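Trainee: generate coordinates for the sequence data below:
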Amino acid sequence: MAARKDSKQLIMMKDNFQYDIFLSHSAKDKRVVLALVNRLEQDGLRVWVYEREIKNGPIPTQIEAGLGASQLLLVAVSKNGEGSRWMKLERDVFISPDPMNEQKRIVVIRLDKTKPSGILSVFGYFDWIKKSKKEYSELSELLKELTIGKTYGLDHATIARVYDYFLGGICNTAADRAVANSLQKKYPNFKKVVISNRAFLRRAVRYLAEAGIKQFVDIGSGLPTQGNTHEIAQEICPNARVVYVDYDKLVVETSRRLLKQEPNQHVRVVLGDLKKPHSILHSDGMRIIDFRKPVALLLVAVVHFIIDDNIARKSVQTLRQQLAIGSYIAISHASRSKELGAVAKPMGKVYGQKVADIKQRQKKEVFELFDGITLVEPGLVFTPSWHPEIKDSYVKTSQLPFVNEPYRSLILAGVGVVVRKK
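Mentor: Numbers count the residues shown, from 1 in each chain. Modelled structure (predicted):
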């Protein structure tokens, strides 16, 4: 990944993801620092580095924003100085009394044999002088240990981050991109599969919000991207309540941090596994949902990660039983058919080996997940065929993938309404 060079771009990225590291350095050490940043980012760490040279004036707002978005302050020390010219202010902002900053750490690295002085001397230091493999290994392992890098296993691909890559996000690592490329080799249209599935989610949410639904539970929500469920729903109903649920800790932490940056009293994020529906239903975040009133349950591209058919059906049934009459369930699911056999099997193998096991089900098996639910028109179809005429602010109907060959989307989708309690 190339080093970032535009401060405005940095702020835009900050709005989408929490950085692991804020790197403070002297402007004269720019070349050495950027070489290190490239290696760290290739290793899966997100680094905020300020590259513009400003000789006068107060600490730039971009730097304050970067500090607030980072988990660790990395200070580069050399004969040219200790960190940037705003180092003291950076330190004060970074460790300011804020609940989000409780776990923040400061690490010092030496670019030459200059010893840290003053307050920085109490932190100890790591050397980046010889630029050797040993020095880098020690430094990178420490940084991963102190940030979400190691906590969330950035050396292994995850479903959410692979999807994030295909959707053009920045919350993905080299491991995720490698898996994405493997999937693309097996099926060159796989990126379009993900885009088509996400477009179905947006259309379904708009359809349900326009139908009067004001409560949404999005299970397997994935990493935040453009056109999130609450953005679509609240565009139609500003007071719509949304609970995001995911079993990936990185997804949950990232989503919660974004909500702290843009507070929304009607949105919650819950750590939960679809295979354990009762734990989801009884989580604190679910308190904003009134199950006595209609709710939209969104199970978009998530049930196929439950391999056991009985557990899959039971998980959906358990959730459905909590829904009031007039509620809806939206499901999209990887399909298995004769037309897709040559593609689906090798793709499923890649997923199983490198990300997570996936169960591609026949249409009748996906239909069974809607037991006790009445499907709305057009029924259970491939994602491009589900109400393509519905407005989508993020993609034009003419640009939707697979409109003329919907089966190539690989994903079946449907929306059903609860007409009776079962």
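Trainee: would you map the helices across the stretch 151-300 of the chain?
Mentor: Ranges of helices within the stretch 151-300 of the chain are 159-166, 174-186, 190-210, 229-236, 249-261, 277-281, based on DSSP state H, counting those that start in this stretch.
Trainee: between these, which gets nearest to residue 76?
Mentor: Taking CB to CB, helix 174-186 is the member of the helices of the stretch 151-300 of the chain nearest to residue 76, at 23.7 Å. For glycine as for every other residue, the C-beta is placed from the backbone atoms N, C-alpha and C.
Trainee: could I get the buried residue list for that closest one?
Mentor: The neighbour-count check on helix 174-186 (16 or more other CB atoms under 10 Å) flags 175, 176, 177, 179, 180, 182, 183, 186 as buried.
Trainee: just the angle for the host helix or strand of residue 334 relative to helix 190-210, thanks.
Mentor: Per DSSP states H and E: residue 334 is located in strand 328-334. Computed by axes from the mean of the first three to the mean of the last three CA atoms, to 10 degrees, the angle separating strand 328-334 from helix 190-210 equals 170 degrees.
Trainee: for the record, mean pLDDT for strand 328-334?
Mentor: Taken as a whole, strand 328-334 has an average pLDDT of 97.
Trainee: what lines up beside it in the sheet?
Mentor: Strand 328-334 pairs in its sheet with strand 296-300 (parallel), strand 411-417 (antiparallel), by DSSP bridges.
Trainee: pipe these into JSON lines and attach distance to residue 390, mean neighbour count and mean pLDDT per row.
Mentor: Converted to JSON lines, these look like this (distance: least, CB to CB, whole Å; neighbours: other CB atoms under 10 Å; pLDDT from 0 to 100):
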{"stretch": "strand 296-300", "distance to residue 390": "15", "mean neighbour count": "24", "mean pLDDT": "98"}
{"stretch": "strand 411-417", "distance to residue 390": "11", "mean neighbour count": "25", "mean pLDDT": "97"}
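Trainee: can you list these in a markdown table and add distance to residue 367?
Mentor: Listed next are the strands paired with strand 328-334 as a markdown table, based on distance: least, CB to CB, whole Å:
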| stretch | distance to residue 367 |
| --- | --- |
| strand 296-300 | 14 |
| strand 411-417 | 8 |
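Trainee: skip ahead from the longest strand belonging to the chain and say which helix or strand is next.
Mentor: Taking DSSP state E as the criterion, the chain has its longest strand at strand 70-78. Note on strand 70-78: by DSSP H and E, the next helix or strand toward the C-terminus is strand 81-82.
Trainee: rewinding a little: what about the longest strand of the chain, average pLDDT?
Mentor: In this model, strand 70-78 has an average pLDDT of 85.
Trainee: same question for stretch 194-209.
Mentor: Stretch 194-209 shows a mean pLDDT of 96.
Trainee: going forward, begin numbering at 680 instead of 1
Mentor: Yes, from this point I'll number from 680; that puts the last item at stretch 873-888.
Trainee: contacting residues around that stretch?
Mentor: Residues outside stretch 873-888 that contact it (CB atoms under 8 Å, 6 or more residues apart in numbering): 842, 845-846, 895, 904, 906, 908, 911-912, 914-916, 919, 975, 977, 979-980, 1007, 1009, 1011, 1062-1063, 1065-1067, 1069-1071, 1073-1074, 1079-1081, 1088, 1090, 1092, 1094.
Trainee: repeat the analysis, applying 6 Å as the threshold.
Mentor: Stretch 873-888 is contacted from outside by 842, 845, 906, 908, 911-912, 915-916, 975, 979-980, 1007, 1009, 1011, 1062-1063, 1065-1066, 1069, 1071, 1074, 1080-1081, 1088, 1090, 1092, 1094, using CB atoms under 6 Å, 6 or more residues apart in numbering.
Trainee: ditto for stretch 762-772
Mentor: If you take CB under 6 Å, 6+ apart as the criterion, stretch 762-772 is touched by 703, 738, 743, 746, 754.
Trainee: which neighbouring elements make contact with the helix or strand containing the fourth one?
Mentor: Of the helices and strands defined by DSSP H and E, residue 746 is found in helix 740-747. If you count contacts as 3 or more CB pairs under 6 Å, 6 or more residues apart in numbering; DSSP states H and E, helix 740-747 packs onto helix 686-693, helix 766-773.
Trainee: go with 8 Å
Mentor: On a contact count with 3 or more CB pairs under 8 Å, 6 or more residues apart in numbering; DSSP states H and E, helix 740-747 meets helix 686-693, strand 698-703, helix 766-773.
Trainee: quick check: buried residues in that helix?
Mentor: Residues of helix 740-747 classed as buried: 741, 742, 743, 744, 745, 746, 747 (neighbour count, 16+ other CB under 10 Å).
Trainee: okay, the angle between it and helix 928-940?
Mentor: 130 degrees.
Trainee: alpha carbons of helix 740-747, as CSV, please.
Mentor: The C-alpha atoms that make up helix 740-747 are tabulated as CSV, following Å, rounded to 0.1, in the frame of the first residue of the first chain:
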residue,chain,number,x,y,z
THR,A,740,-6.8,20.3,13.1
GLN,A,741,-5.8,17.3,10.9
ILE,A,742,-3.3,16.3,13.5
GLU,A,743,-5.8,16.5,16.3
ALA,A,744,-8.2,14.4,14.2
GLY,A,745,-5.5,11.8,13.5
LEU,A,746,-4.6,11.6,17.2
GLY,A,747,-8.2,11.1,18.2
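Trainee: dump the buried residues of helix 853-865 to CSV, plus pLDDT and distance to residue 924.
Mentor: Converted to CSV, the buried residues of helix 853-865 look like this (pLDDT from 0 to 100; distance: CB to CB, whole Å):
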residue, pLDDT, distance to residue 924
854, 79, 24
855, 83, 21
856, 85, 26
858, 85, 23
859, 87, 24
861, 85, 28
862, 85, 25
865, 79, 29
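Trainee: taking those residues, tell me the two that lie furthest apart.
Mentor: The largest separation in the buried residues of helix 853-865, counting by CB to CB, is between 854 and 865 at 17.3 Å.
Trainee: ignoring the adjacent residues along the chain, who's closest to residue 889?
Mentor: In space, and not counting its chain neighbours, residue 889 is closest to residue 915: 6.0 Å by CB to CB, 6 or more residues apart in numbering.
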